[in-house]
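1. what would the 3D arrangement of this be:
(one chain, ligands or ions: 1)
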Amino acid sequence: MTVDRGRQYIYLHFRHTDTVPQKSIIRVDTRSVSSQLDRRVFGQFIEHLGRCIYGGIWVGENSSIPNLRGFRTDVLEAVKRIHPPIARWPGGNFSSAYHWMDGIGPRKSRPRKFELAWEWVEPNEFGTIEYIEWCRLVGAEPFIVVNAGSGTPEEAAAWVEYCNSTRDTYYASLRRRDGYSEPFNVRLWGIGNELYGRWQVGFCVDGAECARRTIEFANLMKRVDKRIELVGVGCDNDPEWNIDIIKGAGNYLDYLSVHTYIFAPKKYEDLVAAPSLIERNLLSIYESIHRTCRKYGISTKIRLAFDEWNVWYREAVPPMHVQFTSLKDAVFTGLVLIALERISWAVPIAGFAQTVNVLPLISTSDDGRMVLSPQYHVFEMFSANAGDKVAWTSVLCPSIYSEEAETNIPAVDAVASFNQDKMFLHIVCRNADEPVECSIQVAGFDLRDVRHRYLAGDSPDDKNTFEQPNNVMPRDGKDISVSNGEVKLTLQPCSVHLLTFSR
Ligand code: AHR
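-> Okay, the predicted model is just below:
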């Protein structure tokens, strides 16, 4: 047995044998709030890449595919159902060569350009106006990443003016010309994307160079609108880079961006262990930011924006990045979301990479079909059903061993959040083959009405395809029992669960 004392959780891991039944206990206490939940952890990321924008989000008004003013209707409705709190755009790598002025004004006169980041063609039919309109339709807060690769600080500041200014000045007047007298008030702005990488247009040789560039951009952007919040480029595996950025540009930043892709295929145990390593890494980056701030007298409160994350299969190659993920990836997704809910005090923003057609939650075909991945269904279950406070949650359960993590990982993970009338419990069962009996003990919340919805299948490899789009679907649980303040249910192997308790 190992005892691992985390910030809010105590896991007791029992190595199970054939004679020990697979049992777990989840304890929730709403009287003890561990933190506020920032719903932006359920955020999305869309990029001009493959068929994410063109063919996914945007088909144009003249398309034979049903659309609302050019936005593909089936995708629009599917995205609305996952209640995205925030949507990052236009990239990704794309942002490092994107000139926003190409994407405004009458659509017919926008330039069709060779695009340098992905070496592809950008028709510029979808630009700032279309993005803002789409965000409004799906209910997401905009989050724009400016071109800090081949672009200039002036160009970025002009974009802030176009979006946010009420002054009678040139760029604000272009927004009015485009039909929007009121400002968009875009609050969140990223300064560059993955500038530490040689694959990035305009990459920086080290963190110190990136910090200098970040300051130049931040300085001009903030002159236009002091209320904006800025996200600098951080790195998930280069602590020195992060220290240099914070040391040099920390006073200008509100968030540091971190991206993590889990490259697959990999062993099942390692895939489902990865979210624990991600959680640990994010907390360690957060701690190092704060150590650096203390050391250099930086008083801004900098938190993390985990604004690109996903599993990335070998077949998802440029430029299309197509993959069809399976139930085990839904388990991975559920575990990452549970971790993010737990640590949203340190990582309040995230961006699933990506929403449509590229490493996607949602896949579309050019003949009008759409398929929702098992990962999509996790967002559908969790994102729309979360409270605003995280309740103290502990899990007592068996464990599974991951070679890559070199440790045992709890077979069950869970987090509860609640608001005035409802409590939501998100649970994931990592076991590949064996079910786990689960007893849920709740303090501080009346267990009058409990609803159970879950995602499971016959095998961790079950997936949805255009031919079989409904193979992995959430279902209502029927065999949940409630007595004396205790809820009992069986967690099927490789499954994701939502329990909704109403007062
Ligand atoms: O999401 C695909 C790409 O992965 C993004 O453009 C880039 O930021 C990352 O490397």
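
2. indicate the residue of the chain located nearest to the ligand.
-> Gly92 (2.7 Å; CB to the nearest ligand atom). (Glycine included, C-beta is placed from N, CA and C.)

3. quick one: contacts for the closest residue to that residue other than its chain neighbours?
-> Nearest residue to Gly92, sequence neighbours excluded (CB to CB, 6 or more residues apart in numbering): Glu47, at 3.8 Å. Glu47 makes contact with Ile53, Trp89, Pro90, Gly91, Gly92, Asn93, Phe94, Ser95, Ala353, Gln354, Val358, according to CB atoms under 8 Å, 6 or more residues apart in numbering.

4. from those residues, which is closest to Gln323?
-> Looking at the contacts of Glu47 and their distance to Gln323, the nearest is Val358, at 9.0 Å (CB to CB).

5. that older thread, going by distance to Asp366, which of the contacts of Glu47 wins?
-> Ile53 (14.0 Å).

6. element containing the residue nearest to that closest one when sequence neighbours are not counted, please.
-> In this structure, Ile53 finds its nearest non-sequential neighbour in Phe126, 5.0 Å apart by CB to CB, 6+ apart. Assigned by DSSP states H and E, Phe126 belongs to no helix or strand.

7. any regions of this protein where pLDDT drops low?
-> Within the chain, the ranges that satisfy pLDDT under 70 run 1-21.

8. what residues does it have near the ligand?
-> Glu47, Leu49, Gly91, Gly92, Asn93, Asn193, Glu194, Glu308, Ala353, Gln354 (CB under 6 Å from any ligand atom).

9. and the two most separated of those residues?
-> Glu194 and Gln354 (14.5 Å).

10. of those two, who's got more company?
-> More crowded of Glu194 and Gln354, by other CB atoms under 10 Å: Gln354, with 26 against 20.

11. mind giving me the domain ranges of this protein?
-> Per the record, the chain has its domains at 2-37+388-502, 39-382, by automatic domain parsing.

12. count the neighbours of the closest residue to Thr500 other than its chain neighbours for me.
-> Spatial nearest neighbour of Thr500, excluding adjacent residues (CB to CB, 6+ apart): Arg451 at 4.5 Å. Close neighbours of Arg451, defined as other CB under 10 Å, add up to 14.

13. would you agree Gly192 is in contact with Ala148?
-> Yes - using CB atoms under 8 Å, Gly192 makes contact with Ala148 at a distance of 3.2 Å.

14. what touches both of those two?
-> Ser96, Gly202, Arg213, Thr214, Phe217, Val233.

15. sorry, back to before: adding distance to Leu76 and secondary structure as columns, could you present the residues of the chain next to the ligand in a markdown table?
-> As requested, the residues of the chain next to the ligand are exported to a markdown table (distance: CB to CB, whole Å; DSSP: H, G, I helix; E, B strand; the rest coil):
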| residue | distance to Leu76 | secondary structure |
| --- | --- | --- |
| Glu47 | 18 | coil |
| Leu49 | 19 | coil |
| Gly91 | 21 | coil |
| Gly92 | 21 | coil |
| Asn93 | 25 | helix |
| Asn193 | 26 | coil |
| Glu194 | 29 | coil |
| Glu308 | 23 | strand |
| Ala353 | 20 | strand |
| Gln354 | 16 | coil |
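
16. buried members of the residues you listed into PyMOL, please.
-> The PyMOL selection below is limited to those of the residues of the chain next to the ligand classed as buried (16 or more other CB atoms under 10 Å):
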select buried, resi 47+49+91+92+93+193+194+308+353+354
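
17. which one of the residues of the chain next to the ligand is nearest to Asp102?
-> For these, the nearest to Asp102 is Gly91 (14.0 Å; CB to CB).

18. and the top helix by length along the chain, which residues are buried?
-> When the chain is parsed with DSSP state H, its longest helix is helix 268-295. Buried residues in helix 268-295, defined by neighbour count with 16+ other CB under 10 Å: 268-279, 282-283, 285-286, 288-290, 292-293.
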